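# here's my sequence, what's the structure:
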Amino acid sequence: MISQFSLIFFKVNLNSILIVDFFAKFIFVFTPSLFFMYFLKYSSANSNFKEFHKLNIKDYFFVITSIIFLTFSVNLFDEIINLILPQKSIDLLYKFSNNSQMSEIISFNNSNFVYVIFFVCLSPAIFEELLFRGYLQYSIATKFSKFQSIIITSLIFALLHMDIISFFSIFLLSCVIGFYKEKTNTLFYPILIHFMNNLFNVLIFNLN
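Below you'll find the predicted structure:
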C-alpha cells in the first residue's frame, strides 16, 4: 500500500520504494503484531513453529492448484470486464485498483530481482501473516467461531489490499491461508502459502 502511494505522489527509485515499504511495514505491521500477540496474551500456540500438524501431498496439491487458479481467475476477470464494460467504467475501475502501480514495482526490468523477491514476496508474507493470522484471526476466534474468524479476517485482508479487480481472489486465497492456520496451528504454513502466491504472481508477470 505504501509503495503504491509512493509511486503516485513521488518520482523516486523503485528499489528505494521497496526499502521504504519494508521498514514501514516493519514498524507499523510487524512490531504491533508482536506486541499484541505476546503482551496481550494472544500468542499461545499461535506462533509455534515446532509442534504442528504436517501437511500431506493432497494439501500441497490443493494449495498449489488454488494459487494457480486464483492467479489466472484475476486475468480472466480482467478480460471479461474489458469485454462487457464501457471504456469510461473500465478507466474508473482501474483508477481504484493498484495493479498498474504494482506492475512497475514487480517488474525485473525496473527493480532489482533480489529486491523484488525479498521485499515483495517474502517480507510481506511474514509481516502480514503475523498480523492477520497471528493476531487478528486468533483474536476474532475468541468471540466467533473459527469459520467466522477466517471469513472476517479474509474480508479485512482483501479490503486493505485496495484492489477491486483482485478482491475476490485475494479474499479466497486468504480463506485458504486461514484454513491452514487453523488446521496446522502454526504460522509456518500461512507464511509459506503467502510467499508461494506472491512469488508465483511475480514470476508469471515477468515471464509474460
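
# let me know the pLDDT of the residue nearest to residue 150 when sequence neighbours are not counted.
Excluding the flanking residues, the one nearest residue 150 by Cβ to Cβ, 6 or more residues apart in numbering is residue 178, at 3.6 Å. All C-beta atoms are positioned from the backbone trio N, CA, C, and that covers glycine. Looking at residue 178, its pLDDT reads 96.

# quick one, what contacts residue 178?
Residue 178 is in contact with 133, 137, 149, 150, 153, 154, 190, counting by Cβ atoms under 8 Å, 6 or more residues apart in numbering.

# and which of those is nearest to residue 119?
For the contacts of residue 178, the closest approach to residue 119 (Cβ to Cβ) belongs to residue 190, at 19.1 Å.

# surely that closest one meets residue 131?
No - when contacts are counted by Cβ atoms under 8 Å, residue 190 is not listed as touching residue 131 (11.0 Å).

# tell me how far residue 38 lies from residue 57.
Residue 38 sits 35 Å away from residue 57, going by Cβ to Cβ, to the nearest Å.

# tell me which of those two has more neighbours.
Taking neighbours as other Cβ atoms under 10 Å, residue 38 and residue 57 compare with residue 38 leading, 13 against 7.

# which residues does that one contact?
Counting by Cβ under 8 Å, 6+ apart, residue 38 touches no other residue.

# please begin residue numbering at 614 from this point
New numbering, starting at 614: the last item is residue 651.

# the one helix or strand it maps to - what's its average pLDDT?
For residue 651, the host element (DSSP states H and E) is helix 644-652. Helix 644-652 carries an average pLDDT of 77.
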